[in-house]
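the amino acid sequence is not available; the structure is as follows:
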């Protein structure tokens, strides 16, 4: 099994990590493209460690880019998502073990292809993650979701209404399937946003992560 590596940020507080955010980038990008978000989140999550691994496979159209699965025909991509699932899980588990954290102290955040992988992977983990932030994503393994659900972490789905790469209808469909499986979902469709992340999305993600990673009293 391939192992993952990539940039990370230690907790801004300078103390030990009380929580973890794993961020999965989009196709043709790398962990460096998402790790800067940690600087935006750190003020609200000072005791959180952030990791943005590089996807395991090279991307032919961008020499420095990586991909979680090949951009084969849409109806064949589910196999690629399933193949990378154990790789992502192993990375998360390794980090949780290293920090001495429970799965509930981890948020999985993904953008685009990384969001697709996150939406697939999280509810199939035995131990529920703290939550999932899915930015500009889709669900391509929804037909088997209800039969394969192993845990039900809360999701926040964020998508621009002007996205021409992955239409926001994909997030609406994902929200419906997650809800049907009994998984808590909050959906935010952002008017005027194309395929990207803006200040509104960052604010929504920050508030969500603060809520699910708040230390229990």
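Great, that's in hand. Being a predicted model, the structure only gives us computed values, none of them experimental. Numbers count the residues shown, from 1 in each chain.

ok, residue 101 touching residue 21?
No: using Cβ atoms under 8 Å, residue 101 makes no contact with residue 21, being 11.4 Å away. For every residue, glycine as well, the C-beta is placed using N, CA and C.

flag the shaky bits of this protein, pLDDT-wise.
Along the chain, segments meeting pLDDT under 70 span 1-2, 74, 216-217.

for it, which segments are assigned as strands?
For the chain, the strands defined by DSSP state E cover 8-9, 19-24, 48-51, 57-58, 66-67, 106-111, 131-135, 155-160, 185-190.

tabulate those (a markdown table), appending mean neighbour count.
Compiled in a markdown table, these are given as follows (neighbours: other Cβ atoms under 10 Å):
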| stretch | mean neighbour count |
| --- | --- |
| strand 8-9 | 18 |
| strand 19-24 | 26 |
| strand 48-51 | 25 |
| strand 57-58 | 15 |
| strand 66-67 | 23 |
| strand 106-111 | 28 |
| strand 131-135 | 28 |
| strand 155-160 | 26 |
| strand 185-190 | 17 |
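
which among the ones you listed is found nearest to residue 201?
strand 155-160 (4.7 Å; Cβ to Cβ).

sheet-wise, list the partners of that closest one with their directions.
Pairing partners of strand 155-160, with direction, according to DSSP bridges: strand 131-135 (parallel), strand 185-190 (parallel).

quick one: distance of stretch 135-154 to the chain centre.
Relative to its parent chain, stretch 135-154 has a centroid offset of 12 Å by Cα atoms, centre = their mean, to the nearest Å.

buried residues in that stretch?
Across stretch 135-154, burial judged by 16 or more other Cβ atoms under 10 Å covers 135-142, 145, 153-154.

now stretch 48-61, how far from the chain's geometric center?
With Cα atoms, centre = their mean, you get 12 Å for stretch 48-61.

ugh, wrong one, I meant stretch 154-174
14 Å.

quick one: the longest helix seen in the chain to strand 19-24, angle?
In the chain, assigned by DSSP state H, the helix with the most residues is helix 77-99. Helix 77-99 runs at 150 degrees relative to strand 19-24, counting by axes from the mean of the first three to the mean of the last three Cα atoms, to 10 degrees.

so which elements touch helix 77-99?
strand 19-24, strand 48-51, strand 106-111, helix 113-121 (3 or more Cβ pairs under 8 Å, 6 or more residues apart in numbering; DSSP states H and E).
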